[in-house]
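> coordinates only, no sequence provided:
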Ligand code: DBV
């Protein structure tokens with residue numbers, strides 16, 4: 001069992017319980033990928049597995065789960081809503097490296113207006129404040145990334161694995177529960193807002209695909225071709241999907 005498997009299992013089970021979930025295709029060669037890292041003397045297998053699903057209001061629910069032994073564990077879990085809805089992204093980047101844990105958890109906003117915050121930030125504020133007490137701000141954070149986060153962004157670097165297994169897991173569950181509430185309540189936005197929503201999705205995707213902090217790591221394990229295709233063809237695939245629609 002890996003540190004983040006319970007997070008993924010919980011997320012899938014909870015989404016299936018509350019939403020009308022169906023499969024999302026994972027391109028061939030990306031469901032499971034095995035590579036090796038470490039030294040010649042002490043090789044370490046690194047297995048990356050992918051999960052994908054969708055629902056009528058959620059375009060893509062996807063996870064990349066990296067298992068490279070005790071010192072390398074990652075769960076990157078993101079939900080991309082359909083473009084007709086103003087729903088935020090659910091974004092979790094849960095990373096364990098030899099130096100410690102790095103946790104990013106947020107409902108990443110499409111817009112920063114007061115009305116948007118009232119709708120999608122305020123309901124989560126109390127939960128955020130509750131967890132922030134035990135999960136203090138993680139420090140150094142890329143400035144250009146700030147625009148993609150909400151005031152309820154949990155960004156923390158716990159030194160104890162137990163904190164990840166308890167408090168971080170509780171926070172993850174609470175954020176997901178609130179997200180599901182948002183999804184249930186969501187109504188399609190008026191047609192006139194769709195182009196702004198699409199623009200916000202593309203800006204977010206460009207940023208994430210371009211700045212993917214895992215690119216270096218994945219390239220080392222699996223090579224540049226596999227990695228670029230994984231990033232653009234699965235992890236952040238909206239542009240490809242839009243191209244298909246207009247082709
Ligand atoms: N991050 C991803 C994907 C990953 C992944 C798809 C498949 O977007 C893993 C794996 N994130 C990952 C790894 C590291 C980070 C770090 C392996 C460590 C990189 C390293 O130290 O070598 C949030 N993740 C980070 C960092 C940030 C984020 C700010 C620190 C690195 C940095 O300073 O750039 N990821 C970043 C972000 C979100 C996110 C903006 C939104 C929730 O998911």
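Yep, it's here. Bear in mind the structure is a predicted one, so any value in this text is a computation, not a measurement.
> what residues does the chain have near the ligand?
Neighbours of the ligand within the chain, by C-beta under 6 Å from any ligand atom: 64, 66, 74, 76, 91, 93, 95, 102, 104, 106, 141-142, 145, 208, 212-214, 217, 235. (Glycine included, C-beta is placed from N, CA and C.)
> please flag which of those residues sit within strands.
64, 66, 74, 76, 91, 93, 95, 102, 104, 106 (DSSP state E).
> tell me the pLDDT at the fourth one?
Per-residue confidence at residue 76 stands at 98 (pLDDT).
> got the contact list for it?
63, 64, 92, 93, 94, 214, 235 (C-beta atoms under 8 Å, 6 or more residues apart in numbering).
> quick one, phi psi at residue 186?
When read as degrees, to the nearest 10, the backbone of residue 186 gives phi -70, psi 140.
> which ones are touching it?
57, 81, 85, 86, 87.
> how about TSV for the residues you listed, with neighbour count added?
Formatted as TSV, those follow (neighbours: other C-beta atoms under 10 Å):
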residue	neighbour count
57	18
81	24
85	21
86	24
87	24
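> mind putting those residues in CSV, pLDDT included?
Converted to CSV, the contacts of residue 186 look like this (pLDDT from 0 to 100):
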residue, pLDDT
57, 98
81, 98
85, 98
86, 98
87, 98
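> out of these, which are inside strands?
Short answer: those in strands (DSSP E) are residue 81.
> farthest-separated two in the contacts of residue 186?
57 and 86 (11.0 Å; C-beta to C-beta).
> hmm, who's touching whichever strand in the chain runs longest?
Across the chain, the strand with the greatest residue count (assigned by DSSP E) is strand 43-55. Applying C-beta under 8 Å, 6+ apart, the external contacts of strand 43-55 come out as 8, 12, 15, 19-26, 30-38, 60-69, 72, 183, 218, 221-222, 234.
> and for residue 72, the neighbour number?
19 (other C-beta atoms under 10 Å).
> how about residue 196?
Residue 196: 13 neighbours (other C-beta under 10 Å).
> list the buried residues in the longest strand of the chain.
Judged by neighbour count using 16 or more other C-beta atoms under 10 Å, the buried positions of strand 43-55 are 46, 48, 49, 50, 51, 52, 53, 54, 55.
> that one pairs with which strands?
Applying DSSP bridges, strand 43-55 is found paired with strand 22-23 (antiparallel), strand 32-38 (antiparallel), strand 58-67 (antiparallel).
> return a PyMOL selection command for the buried portion of the contacts of strand 43-55.
Here is the PyMOL command that selects only those of the contacts of strand 43-55 that count as buried (16+ other C-beta under 10 Å):
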select buried, resi 8+12+15+19+21+24+26+30+33+35+37+60+61+62+63+64+65+66+67+68+72+183+218+221+222+234
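> format the ones in strands among the residues of the chain next to the ligand as TSV; extra columns: distance to residue 244.
Shown next, in TSV, are these (distance: C-beta to C-beta, whole Å):
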residue	distance to residue 244
64	22
66	28
74	29
76	24
91	24
93	27
95	31
102	34
104	30
106	29
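> measure the residue nearest to residue 64 when sequence neighbours are not counted to residue 246 for me?
Among residues not flanking residue 64 along the chain, residue 76 sits closest, at 4.7 Å (C-beta to C-beta, 6 or more residues apart in numbering). Counting by C-beta to C-beta, to the nearest Å, the separation of residue 76 from residue 246 is 28 Å.
> how about residue 234?
Counting by C-beta to C-beta, the gap from residue 234 to residue 246 is 20 Å.
> all set now, cheers.
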